[in-house]
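# One predicted model, sequence on top.
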Amino acid sequence: MGASSTRSLTLIGTIGTPAHHQRITALQASRAYSILVSGCAGGVAILWDLNRRRFIRQLPSIGGQEGKARGITAICINDVTGDIVVAAGSTFGVYNVNGALRVRLDDSVVIFQDPTALSPVSITSLAVNRGEACEWGAEKHVVTGHADGTLCVWAYSQAGTRDQNEQSQRSRRKDDWIIELQGRHKVTPNSAITALCVTPDKRKLFTGTRDGQLSVWTASIPR
(Lines give C-alpha, C1' and ligand atoms only; values in the text may rest on other atoms or scores of the structure.)
Protein backbone atom coordinates (compact mmCIF):
# COMPACT_ATOMS: atom_id res chain seq x y z
CA MET A 1 0.00 0.00 0.00
CA GLY A 2 1.59 3.25 -1.13
CA ALA A 3 1.61 6.57 0.63
CA SER A 4 -0.88 7.94 -1.90
CA SER A 5 -3.63 5.71 -0.46
CA THR A 6 -3.24 7.09 3.05
CA ARG A 7 -6.10 9.24 4.31
CA SER A 8 -5.54 11.82 7.02
CA LEU A 9 -8.08 13.23 9.45
CA THR A 10 -8.74 16.91 10.02
CA LEU A 11 -10.28 18.12 13.26
CA ILE A 12 -13.26 20.34 12.42
CA GLY A 13 -14.50 21.04 15.91
CA THR A 14 -14.99 19.89 19.48
CA ILE A 15 -18.32 19.76 21.28
CA GLY A 16 -19.02 19.22 24.92
CA THR A 17 -21.41 19.72 27.80
CA PRO A 18 -20.97 19.86 31.59
CA ALA A 19 -23.61 17.11 31.80
CA HIS A 20 -20.97 14.62 30.67
CA HIS A 21 -18.90 14.84 33.83
CA GLN A 22 -17.56 11.31 33.38
CA ARG A 23 -16.00 9.39 30.49
CA ILE A 24 -17.95 8.92 27.27
CA THR A 25 -18.95 5.26 26.96
CA ALA A 26 -21.19 5.16 23.87
CA LEU A 27 -21.84 7.13 20.68
CA GLN A 28 -24.36 6.62 17.87
CA ALA A 29 -25.13 8.84 14.89
CA SER A 30 -27.98 8.84 12.37
CA ARG A 31 -27.36 10.58 9.07
CA ALA A 32 -31.01 10.08 8.11
CA TYR A 33 -32.15 12.24 11.05
CA SER A 34 -28.97 14.32 11.43
CA ILE A 35 -28.63 13.49 15.12
CA LEU A 36 -25.92 12.18 17.41
CA VAL A 37 -26.50 10.60 20.81
CA SER A 38 -23.72 10.33 23.37
CA GLY A 39 -23.70 8.52 26.70
CA CYS A 40 -21.33 8.60 29.65
CA ALA A 41 -20.37 6.55 32.69
CA GLY A 42 -22.48 8.86 34.85
CA GLY A 43 -25.67 7.62 33.18
CA VAL A 44 -26.29 10.80 31.17
CA ALA A 45 -27.34 10.63 27.49
CA ILE A 46 -27.23 13.74 25.29
CA LEU A 47 -28.97 14.42 21.97
CA TRP A 48 -26.97 16.55 19.52
CA ASP A 49 -27.67 18.25 16.19
CA LEU A 50 -25.26 16.48 13.85
CA ASN A 51 -25.20 19.21 11.21
CA ARG A 52 -24.68 22.19 13.54
CA ARG A 53 -22.76 20.18 16.14
CA ARG A 54 -24.92 21.71 18.85
CA PHE A 55 -26.50 20.45 22.06
CA ILE A 56 -30.24 19.77 21.72
CA ARG A 57 -31.24 18.26 25.06
CA GLN A 58 -30.37 15.81 27.80
CA LEU A 59 -32.46 12.65 27.51
CA PRO A 60 -34.69 11.78 30.49
CA SER A 61 -32.87 9.34 32.75
CA ILE A 62 -33.87 5.69 32.70
CA GLY A 63 -32.39 5.32 36.17
CA GLY A 64 -31.14 2.10 37.65
CA GLN A 65 -31.77 -0.38 40.38
CA GLU A 66 -32.49 1.18 43.78
CA GLY A 67 -32.52 4.61 42.15
CA LYS A 68 -28.78 4.56 41.45
CA ALA A 69 -27.59 5.93 38.12
CA ARG A 70 -25.94 3.34 35.90
CA GLY A 71 -23.43 4.13 33.19
CA ILE A 72 -24.64 4.12 29.60
CA THR A 73 -23.43 0.88 28.00
CA ALA A 74 -24.90 1.05 24.49
CA ILE A 75 -26.92 3.28 22.15
CA CYS A 76 -28.79 2.49 18.92
CA ILE A 77 -30.83 4.64 16.53
CA ASN A 78 -33.45 3.28 14.13
CA ASP A 79 -32.74 5.09 10.86
CA VAL A 80 -36.29 4.44 9.61
CA THR A 81 -38.35 5.60 12.60
CA GLY A 82 -35.80 7.81 14.35
CA ASP A 83 -36.34 5.92 17.61
CA ILE A 84 -33.39 6.08 20.00
CA VAL A 85 -32.60 3.15 22.31
CA VAL A 86 -30.27 3.68 25.28
CA ALA A 87 -29.09 0.93 27.62
CA ALA A 88 -27.87 1.45 31.19
CA GLY A 89 -27.30 -1.33 33.66
CA SER A 90 -29.92 -4.04 33.12
CA THR A 91 -32.53 -1.81 31.51
CA PHE A 92 -33.07 0.22 28.36
CA GLY A 93 -35.24 3.15 27.32
CA VAL A 94 -36.83 3.96 23.97
CA TYR A 95 -37.04 7.64 22.99
CA ASN A 96 -38.52 9.36 19.97
CA VAL A 97 -36.31 11.37 17.61
CA ASN A 98 -36.89 14.51 19.69
CA GLY A 99 -35.60 12.82 22.84
CA ALA A 100 -38.92 12.22 24.63
CA LEU A 101 -39.00 8.96 26.59
CA ARG A 102 -41.58 6.55 25.19
CA VAL A 103 -41.04 3.53 27.38
CA ARG A 104 -38.52 2.13 29.85
CA LEU A 105 -37.91 -1.56 30.39
CA ASP A 106 -39.31 -2.48 33.80
CA ASP A 107 -41.88 -4.79 35.39
CA SER A 108 -44.79 -2.42 34.71
CA VAL A 109 -44.50 -2.44 30.90
CA VAL A 110 -43.15 -5.89 30.04
CA ILE A 111 -45.37 -8.74 28.83
CA PHE A 112 -43.96 -12.24 29.37
CA GLN A 113 -45.00 -15.64 30.63
CA ASP A 114 -42.00 -16.24 32.89
CA PRO A 115 -41.80 -13.72 35.77
CA THR A 116 -38.05 -14.36 36.03
CA ALA A 117 -37.48 -13.25 32.44
CA LEU A 118 -36.60 -9.68 33.41
CA SER A 119 -32.93 -10.32 34.10
CA PRO A 120 -30.93 -8.10 36.48
CA VAL A 121 -27.79 -8.82 34.42
CA SER A 122 -26.25 -5.80 32.71
CA ILE A 123 -26.86 -5.10 29.03
CA THR A 124 -23.55 -5.08 27.16
CA SER A 125 -24.72 -4.59 23.55
CA LEU A 126 -27.74 -3.41 21.54
CA ALA A 127 -29.24 -3.72 18.06
CA VAL A 128 -32.50 -2.58 16.45
CA ASN A 129 -34.35 -3.67 13.34
CA ARG A 130 -33.92 -1.06 10.64
CA GLY A 131 -37.32 -1.31 8.98
CA GLU A 132 -41.01 -1.40 9.78
CA ALA A 133 -41.36 -4.78 8.07
CA CYS A 134 -38.84 -7.59 8.03
CA GLU A 135 -38.69 -11.33 8.60
CA TRP A 136 -38.97 -10.71 12.33
CA GLY A 137 -42.44 -9.23 11.86
CA ALA A 138 -43.93 -5.78 11.48
CA GLU A 139 -43.22 -4.69 15.08
CA LYS A 140 -40.29 -2.58 16.17
CA HIS A 141 -37.62 -4.70 17.79
CA VAL A 142 -34.74 -4.21 20.20
CA VAL A 143 -32.14 -6.94 20.67
CA THR A 144 -30.10 -6.92 23.88
CA GLY A 145 -26.91 -8.82 24.64
CA HIS A 146 -26.13 -9.37 28.31
CA ALA A 147 -23.06 -9.87 30.49
CA ASP A 148 -24.00 -13.49 31.26
CA GLY A 149 -24.22 -14.53 27.58
CA THR A 150 -28.00 -14.15 27.28
CA LEU A 151 -29.56 -12.77 24.09
CA CYS A 152 -33.05 -11.23 24.30
CA VAL A 153 -35.41 -10.05 21.55
CA TRP A 154 -37.99 -7.43 22.54
CA ALA A 155 -40.88 -5.88 20.60
CA TYR A 156 -42.29 -2.52 21.63
CA SER A 157 -45.53 -0.86 20.57
CA GLN A 158 -48.44 1.23 21.80
CA ALA A 159 -51.08 -0.71 23.71
CA GLY A 160 -53.78 0.52 21.32
CA THR A 161 -52.11 -1.28 18.41
CA ARG A 162 -52.47 -4.67 20.10
CA ASP A 163 -55.41 -6.95 20.89
CA GLN A 164 -57.40 -5.13 23.55
CA ASN A 165 -58.88 -8.44 24.74
CA GLU A 166 -55.53 -9.61 26.08
CA GLN A 167 -55.59 -9.84 29.87
CA SER A 168 -52.36 -7.87 30.12
CA GLN A 169 -53.91 -4.95 28.20
CA ARG A 170 -57.16 -4.45 30.11
CA SER A 171 -55.79 -1.87 32.51
CA ARG A 172 -53.79 0.05 29.92
CA ARG A 173 -54.67 3.20 28.01
CA LYS A 174 -54.46 2.92 24.26
CA ASP A 175 -51.58 5.40 24.12
CA ASP A 176 -49.46 3.52 26.67
CA TRP A 177 -46.28 1.93 25.36
CA ILE A 178 -45.49 -1.68 26.19
CA ILE A 179 -42.55 -4.03 25.71
CA GLU A 180 -42.91 -7.74 24.95
CA LEU A 181 -40.16 -10.32 25.40
CA GLN A 182 -40.35 -12.43 22.23
CA GLY A 183 -37.22 -14.52 22.57
CA ARG A 184 -34.54 -15.40 25.10
CA HIS A 185 -31.48 -17.46 24.18
CA LYS A 186 -28.32 -18.54 25.95
CA VAL A 187 -25.47 -17.88 23.54
CA THR A 188 -22.63 -18.86 25.89
CA PRO A 189 -22.55 -20.04 29.52
CA ASN A 190 -20.80 -17.04 31.07
CA SER A 191 -19.27 -14.87 28.36
CA ALA A 192 -20.68 -11.40 27.75
CA ILE A 193 -22.24 -10.62 24.37
CA THR A 194 -20.07 -7.69 23.38
CA ALA A 195 -21.32 -6.95 19.85
CA LEU A 196 -24.59 -7.23 17.89
CA CYS A 197 -25.30 -6.47 14.24
CA VAL A 198 -28.48 -6.82 12.16
CA THR A 199 -27.67 -7.23 8.45
CA PRO A 200 -28.95 -4.55 6.04
CA ASP A 201 -31.52 -6.97 4.58
CA LYS A 202 -32.87 -7.60 8.14
CA ARG A 203 -32.63 -11.37 7.61
CA LYS A 204 -29.76 -12.19 9.96
CA LEU A 205 -28.38 -11.19 13.33
CA PHE A 206 -24.71 -11.58 14.20
CA THR A 207 -23.52 -11.86 17.81
CA GLY A 208 -19.99 -11.60 19.14
CA THR A 209 -18.87 -12.60 22.63
CA ARG A 210 -16.05 -11.72 24.97
CA ASP A 211 -14.41 -15.12 24.44
CA GLY A 212 -14.29 -14.65 20.65
CA GLN A 213 -17.36 -16.62 19.56
CA LEU A 214 -19.15 -15.27 16.47
CA SER A 215 -22.67 -16.60 15.77
CA VAL A 216 -25.31 -15.92 13.13
CA TRP A 217 -29.07 -16.09 13.79
CA THR A 218 -32.23 -15.98 11.70
CA ALA A 219 -35.78 -15.32 12.81
CA SER A 220 -37.96 -18.34 13.57
CA ILE A 221 -41.27 -17.96 11.76
CA PRO A 222 -44.23 -19.32 13.79
CA ARG A 223 -46.17 -22.09 12.02
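Done, it's in. Residues are numbered from 1 along each chain as shown.

# Is Leu126 bridged to anything, and to what?
Beta-bridge pairing for Leu126 (DSSP bridges): Thr144.

# Let me see the contact set for it.
Residues in contact with Leu126 (CB atoms under 8 Å, 6 or more residues apart in numbering) are 74-76, 85, 87, 92, 142-145, 196. Bear in mind the C-beta positions are built from the backbone N, C-alpha and C, glycine included.

# and if you look at Leu47?
By CB under 8 Å, 6+ apart, the residues touching Leu47 are 35-37, 56-59, 84, 98-99.

# picking up where we left off before, please tabulate the contacts of Leu126 in CSV, including the columns secondary structure and distance to Ser157.
What follows is the contacts of Leu126, written out as CSV (DSSP: H, G, I helix; E, B strand; the rest coil; distance: CB to CB, whole Å):
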residue, secondary structure, distance to Ser157
Ala74, strand, 22
Ile75, strand, 21
Cys76, strand, 17
Val85, strand, 14
Ala87, strand, 19
Phe92, strand, 15
Val142, strand, 12
Val143, strand, 16
Thr144, strand, 17
Gly145, strand, 22
Leu196, strand, 21
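
# what about the nearest residue to Ala45 once chain neighbours are set aside, neighbour count?
Spatial nearest neighbour of Ala45, excluding adjacent residues (CB to CB, 6 or more residues apart in numbering): Leu59 at 4.2 Å. Leu59 has 22 neighbours, counted by other CB atoms under 10 Å.

# Return the residues in contact with Leu59.
Leu59 neighbours (CB under 8 Å, 6+ apart): 37, 45-47, 84, 86, 93, 95, 99, 101.

# what pairs with the residue lying closest to Ile72 once chain neighbours are set aside across the strands?
In space, Ile72 comes closest to Gly39 once its chain neighbours are excluded; the distance is 2.7 Å by CB to CB, 6+ apart. According to DSSP bridges, the partner residues bridging Gly39 are Ala26, Ala45.
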